[in-house]
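*Asks:* Need a 3D model of the following:
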Amino acid sequence: MSENTAVKEDRRSEAAKRPSTLKPVERGVVNPDNLASSIEAVLLSLDKPIASAKLAEAMGLPGPEPVELAIGALNEAYESTGRSFRIEKVAGGYRLMTLPAFAPVLAAFHRARASNKLGRAAIETLSIIAYKQPITRAHLEAIRGVSCGEILRSLMDRRLVTIKGRAEELGRPILYGTTKEFLDAFGLASLKDLPSATELPGSA
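*Replies:* Residues are numbered from 1 along each chain as shown. Here you go, the predicted model:
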């Protein structure tokens, strides 16, 4: 072995003995002490829900349990400090969301964007699809009593409604249903969280 080679080997050996100066995230592993803060940072950067398993995978964790425990700790901290938001399970994932108590002030702030909201006919159509899915266009129009073609296209463009398959009947008409984006938009963890008939406005 040459003298230069021996020197290089010694340097490598010394470097291996020294502790790494890389931060945990640079090595693809999150420091356990900063796990909750890391999860919070990721959720703040997203505009849609993310599954705990995906968070765990991205942070080099063996499973979703540490993520879910950290989320629970974050929510406790938010509640104890009177924050206006918490982490909710929505559409199969987790997302930072404001508390219902702040809905009026948010509605007032975003009133200027009302033109982008769904109209009454679209809301009615979406509601029928949500409760009756999977549903054909013919069945939907029979319930509403009017044509729903344009509204269906609009709801599909907004990714609130999607094609779920075809009905096992004459002509095999298309079946429509709601999407994960629908759950996200209305703050629902699953379709089981839809209000019951007795909870709807105007019910007896």
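*Asks:* in a strand, that's where Ser154 is, yeah?
*Replies:* No. Ser154: not assigned to a strand; according to DSSP: H, G, I helix; E, B strand; the rest coil it is helix.
*Asks:* count of residues packed around it?
*Replies:* By other Cβ atoms under 10 Å, 18 other residues sit near Ser154. Heads up, the C-betas are built off the backbone N, CA and C, glycines and all.
*Asks:* And for Glu88?
*Replies:* With other Cβ under 10 Å as criterion, Glu88 counts 18.
*Asks:* Which element is encountered next along the chain beyond the helix or strand bottoming out on mean pLDDT in the chain?
*Replies:* With mean pLDDT, DSSP states H and E as the measure, the helix or strand of the chain carrying the lowest mean pLDDT is helix 3-17 (a mean of 45). The helix or strand immediately downstream of helix 3-17 is helix 35-45, counting by DSSP states H and E.
*Asks:* which parts of that following helix are buried?
*Replies:* By 16 or more other Cβ atoms under 10 Å, the buried positions in helix 35-45 come out as 35-36, 38-40, 42-43.
*Asks:* again, but for stretch 95-109
*Replies:* For stretch 95-109, by 16+ other Cβ under 10 Å, it's 95-97.
*Asks:* Likewise for stretch 125-141?
*Replies:* Buried, per 16+ other Cβ under 10 Å, within stretch 125-141: 125-126, 128-130, 134-136, 139-141.
*Asks:* Please state the offset of that stretch from the chain centre?
*Replies:* 24 Å (Cα atoms, centre = their mean, to the nearest Å).
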